[in-house]
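**Q** predicted model and sequence follow; I will ask about them next.
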2 protein chains.
Amino acid sequence: MSTVIDPISRPARSTQLRPREVAERIKQYILHNRLKPGDALPTEAELCAAVGASRSSVREAIRILTALDIVEVRHGYGTYVGKLSLAALVESLTFRGLLSRDDDFRVLAELIEVRQTLEQGLASAITSALDQDLHRELSRLADQMDERARAGQTFIEQDREFHLLLMRPLGNELVAQLTAAFWDVHAIVAPALHTTPASVRETVAAHHAIVEALFTRDLDRFTEAIAAHYAPVRRHLKENRGL
Amino acid sequence: MSTVIDPISRPARSTQLRPREVAERIKQYILHNRLKPGDALPTEAELCAAVGASRSSVREAIRILTALDIVEVRHGYGTYVGKLSLAALVESLTFRGLLSRDDDFRVLAELIEVRQTLEQGLASAITSALDQDLHRELSRLADQMDERARAGQTFIEQDREFHLLLMRPLGNELVAQLTAAFWDVHAIVAPALHTTPASVRETVAAHHAIVEALFTRDLDRFTEAIAAHYAPVRRHLKENRGL
DNA sequence: CGGGATTTGTCCGTATGTATC
DNA sequence: TGATACATACGGACAAATCCC
């Protein structure tokens, strides 16, 4: 390894606590050495020596960084640079959503507005970058949802895939990951919020409408279809407002 | 405390590691007892006894939860429920941005698209909910930026406040926090990306244009002004594309 | 297939710093 | 100021997992 973490540069006191200090050093180490996800990091013992801290502190620092998916630990093997996903966002938002769930689903209502805004706001970019294969795939997913709904089954996997594919043509990794993160939070906080037969039919129809609007490249209809897609959940939220 | 964390319910081994297990227990404890930010949690010793784990494991679990701002620790006093902010999103996104900075600022470019989409997509909701006080405040901030720019000073505080106030009338806490988080990431990853005199003038003018569009409630002009606001950074990113 | 080496996981005991009363 | 309760940090010991020969 080229760059070394200089041991105990600071003289004595610091406002920062020890593990956070170490975590910062490790992040700097990754940046300075231009490591990428999957690359190996020094062992715990090496980190202790390099940074001049005990193993406990180093381990707590590693825990912080694993929570952020900045590092990844394989038991008995080594520590590596993490996937840099938005797992932390999912966990923290999910927790907030679960905490507010007993009250009024406030977080969920706000989440829906964000999801809808993103999908509607990116409509023109999506339609202009959409290719035929992708459109066929979306159509196929909508059909699958239809079939499963008629058979009384859920279709969460298809729904997740649908909304992810919708964003794919943008080539924007951040948008894709935010979409996935928000979807996951939604699914955990409201696992079965819109399961009345009428709502399910409405949701399925909305997915079909989205596909249709994409095919004709009709932005207004697309926007309407997205709004219709979230309408059932919005209605349910309003009804449970004064619980 | 009403609900107790049952000690070692699982019989033997688990695929889950100890600290993550403990972290999950602590989250469940908060949820079951309906604690809110600022409420006190059991001491480390009590948690150890309750969950049947050593201090090390409990401490590492607490570290994970502090990284997510789910718990907060006051040295020498106690541990409490955290503010449930999006600090984790800021830290993880910032790190991704810094890692990709040397290459092509990919993350920053994607971030700009998200910020612009949110602000433009929420335009109609913003204008319809905007009151006169807020409009005055936005106007004042734009003027301040103008003055500071003419004096050769930076205006990052004013810029941050401006974009936060823009979202305030929505009353959507999640949107507000996402806006703040994305702004912070942007500021850290691109601390001085658009500092040429011409770009600064352009940015200031865009803020004025946003205020103007809000005053006349002209959605098209608002959308244009937002696009103009991010234009300098986009241009700079394109120029540095093939570094 | 087995065994040894390496690395992370967990625990304990102790000393220290810090905030509250 | 002192006493108390608490989190912080360290070092050592042993267990568990993984890899390689």
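**A** Cool, the structure landed.
**Q** separation between the residue nearest the centre of chain A and A:Leu237?
**A** With distances taken as C-alpha atoms, centre = their mean, A:Ala181 lies nearest the centre of chain A, 1.7 Å away. According to C-beta to C-beta, to the nearest Å, A:Ala181 stands 20 Å off from A:Leu237. Every residue, glycine included, has its C-beta placed from N, CA and C.
**Q** stretch A:91-101 near chain B anywhere?
**A** Yes - Stretch A:91-101 comes into contact with chain B (C-beta under 8 Å from any C-beta of the partner chain), by way of A:Glu91, A:Ser92, A:Leu93, A:Phe95, A:Arg96, A:Leu98, A:Leu99.
**Q** I'd say the second one and B:Val90 touch.
**A** No - the pair A:Ser92 and B:Val90 does not pass the contact test of C-beta atoms under 8 Å, sitting 11.0 Å apart.
**Q** how far is stretch A:169-185 from where the chain is centred?
**A** Here stretch A:169-185 is found 6 Å from its chain centre; the criterion is C-alpha atoms, centre = their mean, to the nearest Å.
**Q** convert that stretch to PDB, retaining C-alpha atoms only.
**A** Extracted C-alpha coordinates of stretch A:169-185, given in PDB (Å, rounded to 0.1, in the frame of the first residue of the first chain):
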ATOM      1  CA  PRO A 169     -33.200   4.800 -19.500                       C
ATOM      2  CA  LEU A 170     -32.000   7.900 -17.700                       C
ATOM      3  CA  GLY A 171     -28.600   6.300 -17.000                       C
ATOM      4  CA  ASN A 172     -28.600   8.100 -13.600                       C
ATOM      5  CA  GLU A 173     -27.300   5.700 -11.000                       C
ATOM      6  CA  LEU A 174     -28.400   8.000  -8.100                       C
ATOM      7  CA  VAL A 175     -31.900   8.300  -9.400                       C
ATOM      8  CA  ALA A 176     -32.100   4.500  -9.700                       C
ATOM      9  CA  GLN A 177     -30.800   3.900  -6.200                       C
ATOM     10  CA  LEU A 178     -33.100   6.600  -4.700                       C
ATOM     11  CA  THR A 179     -36.000   5.000  -6.500                       C
ATOM     12  CA  ALA A 180     -35.100   1.600  -5.100                       C
ATOM     13  CA  ALA A 181     -34.500   3.000  -1.600                       C
ATOM     14  CA  PHE A 182     -37.800   4.800  -1.600                       C
ATOM     15  CA  TRP A 183     -39.700   1.800  -2.900                       C
ATOM     16  CA  ASP A 184     -38.100  -0.400  -0.200                       C
ATOM     17  CA  VAL A 185     -39.000   2.000   2.500                       C
END
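**Q** grab the nearest non-local neighbour of the residue of chain A found nearest chain B.
**A** When distances are taken as C-beta to the nearest C-beta, chain A approaches chain B most closely through A:Gly121, which lies 3.2 Å from it. For A:Gly121, ignoring the flanking residues on the chain, the nearest one in space by C-beta to C-beta, 6 or more residues apart in numbering or on different chains is B:Gly121 at 3.2 Å.
**Q** let me see the contact set for the one you found.
**A** Going by C-beta atoms under 8 Å, 6 or more residues apart in numbering or on different chains, B:Gly121 touches A:Thr117, A:Leu118, A:Gln120, A:Gly121.
**Q** now the helices for chain A?
**A** In chain order, chain A shows helices spanning A:18-32, A:44-51, A:55-67, A:87-101, A:106-121, A:123-129, A:132-150, A:156-167, A:173-189, A:197-216, A:219-239, with DSSP state H as the criterion.
**Q** and the ones you listed: which comes nearest B:Asp133?
**A** With distances scored as C-beta to C-beta, the stretch of the helices of chain A nearest to B:Asp133 is helix A:106-121 (23.2 Å).
**Q** what is the rounded mean pLDDT of that closest one?
**A** Over the span of helix A:106-121, the pLDDT mean works out to 96.
**Q** and that helix with helix B:173-189, angle?
**A** Note on geometry: by axes from the mean of the first three to the mean of the last three C-alpha atoms, to 10 degrees, helix A:106-121 and helix B:173-189 are set 60 degrees apart in direction.
**Q** pLDDT weak spots in chain A?
**A** Residues of chain A meeting the criterion pLDDT under 70: A:1-16, A:193-194, A:241-243.
**Q** which residues of it lie near DNA strand C?
**A** When proximity is defined by C-beta under 7 Å from any atom of the strand, chain A lies next to DNA strand C at A:13, A:41, A:43-45, A:55-56, A:59, A:62, A:73-79.
**Q** relative to A:Pro232, how far out is A:Pro197?
**A** Looking at A:Pro197 against A:Pro232, where the rule is C-beta to C-beta, the gap reads 11 Å.
**Q** between the two, point out the one with more neighbours.
**A** Neighbours of A:Pro197 and A:Pro232, each counted by other C-beta atoms under 10 Å in any protein chain shown, are more numerous for A:Pro232; the result is 20 against 9.
**Q** surely that one touches A:Glu202?
**A** Yes - A:Pro232 sits in contact with A:Glu202 when judged by C-beta under 8 Å, with a separation of 5.1 Å.
**Q** just the buried positions in stretch A:90-109, please.
**A** For stretch A:90-109, burial by neighbour count (16 or more other C-beta atoms under 10 Å in any protein chain shown) applies to A:90-101, A:105-109.
**Q** with stretch A:179-192 instead?
**A** Buried residues in stretch A:179-192 (16+ other C-beta under 10 Å): A:Thr179, A:Ala180, A:Ala181, A:Phe182, A:Trp183, A:Asp184, A:Val185, A:His186, A:Val189, A:Ala190.
**Q** contacts for that stretch?
**A** For stretch A:179-192, contacts defined as C-beta under 8 Å, 6+ apart pick out A:86, A:89-90, A:93-94, A:97-98, A:101, A:105, A:107-108, A:111-112, A:114-115, A:118, A:156, A:159-160, A:163-164, A:166-167, A:233.
**Q** and stretch A:218-225, how far from the chain's centre?
**A** Counting by C-alpha atoms, centre = their mean, stretch A:218-225 is centred 25 Å from the centre of its parent chain.
**Q** show me what counts as buried in that stretch.
**A** A:Leu219, A:Arg221, A:Phe222, A:Thr223, A:Glu224, A:Ala225.
**Q** what does stretch A:133-141 give?
**A** Going by neighbour count (16+ other C-beta under 10 Å), the buried part of stretch A:133-141 is A:Leu134, A:His135, A:Leu138, A:Ser139, A:Leu141.
**Q** restrict those residues to contacts with chain B.
**A** Checking the buried residues of stretch A:133-141 against chain B (C-beta under 8 Å from any C-beta), there are no matches.
**Q** between those, which sits nearest A:Ile26?
**A** Compare each of those with A:Ile26 using C-beta to C-beta and the shortest gap goes to A:Leu134, at 39.7 Å.
**Q** my read: that closest one touches A:Leu165, true?
**A** Yes - with contact defined as C-beta under 8 Å, A:Leu134 reaches A:Leu165; the gap is 6.3 Å.
**Q** check contacts around A:Ala40.
**A** Counting by C-beta under 8 Å, 6+ apart, A:Ala40 has contacts A:Gly78, A:Thr79, A:Tyr80.
**Q** state the distance from it to A:Ala61.
**A** From A:Ala40 over to A:Ala61 (counting by C-beta to C-beta), the distance is 17 Å.
**Q** what do you get for A:Phe155?
**A** A:Phe155 sits at a distance of 42 Å from A:Ala61 (criterion: C-beta to C-beta).
**Q** I appreciate the help and will end here.
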